[in-house]
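Quick one, fold the following:
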Amino acid sequence: MEDIYISGKKLKDNKPEPEDIYITPRNRRRETPIYEMYEADDYLPPDNFEPETPEEPEEEPPKKEKKKKKKRSKVFRRIKALLLTAVILLGVVTGMVYFTFSSVNYNETGHKKNVFLDSSELMQSVSVKNILLIGVDRRNANDDSRSDTMLMLSVNTANHKILLTSFMRDTYVYIPEKQRNAKLNAACTWGGAQMVMDTIEYNFNIKIDHYMLVDFTMFEDIINGLGGVDVEITEKEAKYMRDKVHLKNIKSGESIHLNGREALWYCRIRALDSDFMRTKRQRKVMTALIEQVKKTNPIELYQLLGEIVGMIETDMSPETLTFLAMNGLLRYLHYDIQQGSVPAEGTWKSKKISGQSVLSVDMAANKKYLEEFIYE
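The predicted structure is shown next:
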């Protein structure tokens, strides 16, 4: 657009003419650049000025990778939910088991330090727990507790084994508290579980961590609660039980089903052969009982536990029993089971002492046997 001039004209009343006015259109560029209108220093950036670097746009991952990430995220969330549920269930079950064990006959002072020896010299290991099961015969509530059964259950977590060791009740040992020799089962009559443990530790140099003392009535209830056990029975044993114990339905065979009363009498057979065979039968029934526990529904096991726990005397607290029970269900029931007895074969002789038939034992040989059987 061209420049426009407005020229002045002679106005009325003889007033002077205004000068010409020069108008520059808006769309016409200034002839003097704007940067020349300011000083050069006005355009210098400040000393701390840093030009912004434009961010490069992120490349979007392919659609397949997005789908894979979503799937992984879903799987992770599901696994996390399952683990959380399992932890909660385990906590609930543990709490229920603890509550049940709170009714056990917990004898906190029932296992004191053995004052007759240096406990640090006993055979022991962090991977082995020895629990002495003492079965007593109480036909009447006020009877002295004769230990008819002394069976040590050893859990070896290093070798993944459960070891059952019977101690013969006729074993002739030194009873330190009485300062005299006698049959091993006399220790229970004279001083209960504490004297039995002290005597075994003193004579065989093996540490006993805990004990459980039960009456045979409880043993019978456990077998019945599990629905019975299957045991191999010889014809000689079956005939004895039919003729002497009057259990007419007992038969011989590799897998004979026994109820609680039948299993108890089977464990107590002694006149038929020897105390060694009697304890062997006890270990057979104990092994069958463990196998039956593996097959039993956990809910039924919990109900059975509630029925029998009040019959158990032990030095284990409810916390210790809960830990043992939970590990038993999750780990120990999968261990191999091995059996042994003290005195070991070839380490004893039958003798008559003070009119009693006893087992005279090679103590050194049996200490070595226990070390190898339980710890190695």
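
Roughly how far does the most centrally placed residue in the chain sit from residue 162?
In the chain, the C-alpha closest to the average C-alpha coordinate belongs to residue 327, at a distance of 2.4 Å (CA atoms, centre = their mean). Residue 327 sits at a distance of 12 Å from residue 162 (criterion: CB to CB, to the nearest Å). From N, CA and C alone the C-beta is placed, and that goes for glycine too.

Then residue 123?
18 Å.

One more: residue 247?
Residue 247 is 29 Å from residue 162, by CB to CB.

Am I right that residue 345 sits in a strand?
No - counting by DSSP: H, G, I helix; E, B strand; the rest coil, residue 345 falls outside a strand, being coil.

out of residue 247 and residue 162, which sits in the more crowded spot?
residue 162 (21 against 17; other CB atoms under 10 Å).

Now that one: phi and psi?
Main-chain dihedrals, residue 162, degrees, to the nearest 10: phi -110, psi 120.

What pLDDT is listed against it?
According to the prediction, residue 162 has pLDDT 96.

what does residue 194 give?
pLDDT at residue 194 comes out at 95.

I'd assumed it was in a strand, is it?
No - counting by three-state DSSP, residue 194 falls outside a strand, being helix.

so what's the nearest residue to residue 240 once chain neighbours are set aside up against?
Sequence neighbours aside, residue 272 is the residue nearest to residue 240 in space, at 4.8 Å (criterion: CB to CB, 6 or more residues apart in numbering). Listed by CB atoms under 8 Å, 6 or more residues apart in numbering, the contact partners of residue 272 are 236, 237, 240.

Okay, residue 272 and residue 225: tell me how far apart.
Taken as CB to CB, the span from residue 272 to residue 225 is 28 Å.

for the record, mean pLDDT for the longest helix along the chain?
What stands out as the longest helix in the chain, according to DSSP state H, is helix 63-101. What helix 63-101 shows for mean pLDDT is 77.

Please apply the same query to stretch 366-375.
Here the average pLDDT along stretch 366-375 is 96.

Check stretch 344-357 too.
Stretch 344-357 comes out at a mean pLDDT of 93.

How about residues contacting that stretch?
Applying CB under 8 Å, 6+ apart, the set of residues contacting stretch 344-357 is 170-172, 181, 183, 358-362, 365-366, 369.

For that stretch, list every residue counted as buried.
By 16 or more other CB atoms under 10 Å, the buried positions in stretch 344-357 come out as 344, 347, 348.

all helices of this structure, in order?
Using DSSP H, helices in the chain cover 63-101, 186-204, 216-225, 235-243, 260-268, 275-295, 298-308, 318-330, 363-370.

Who does residue 174 form a beta bridge with?
Legend: beta-bridge partners of residue 174 under DSSP bridges are residue 181.

For it, give its distance to residue 205.
Taking CB to CB, one finds residue 174 at 13 Å from residue 205.

neighbour count winner among the two?
Neighbour count, other CB under 10 Å: between residue 174 and residue 205, residue 205 has more, with 19 against 14.

so that one makes contact with residue 367?
Yes - with contact defined as CB atoms under 8 Å, residue 205 reaches residue 367; the gap is 4.9 Å.

shared neighbours of the two, anything?
residue 123.

Buried ones from the contacts of residue 272, can you make that a PyMOL selection?
Applied in PyMOL, the following selects the buried portion of the contacts of residue 272 according to 16+ other CB under 10 Å:
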select buried, resi 237+240
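
Looking at the contacts of residue 272, which one is closest to residue 109?
residue 237 (41.3 Å; CB to CB).

separation between that closest one and residue 323?
The value you get for residue 237 to residue 323, if CB to CB is used, is 38 Å.
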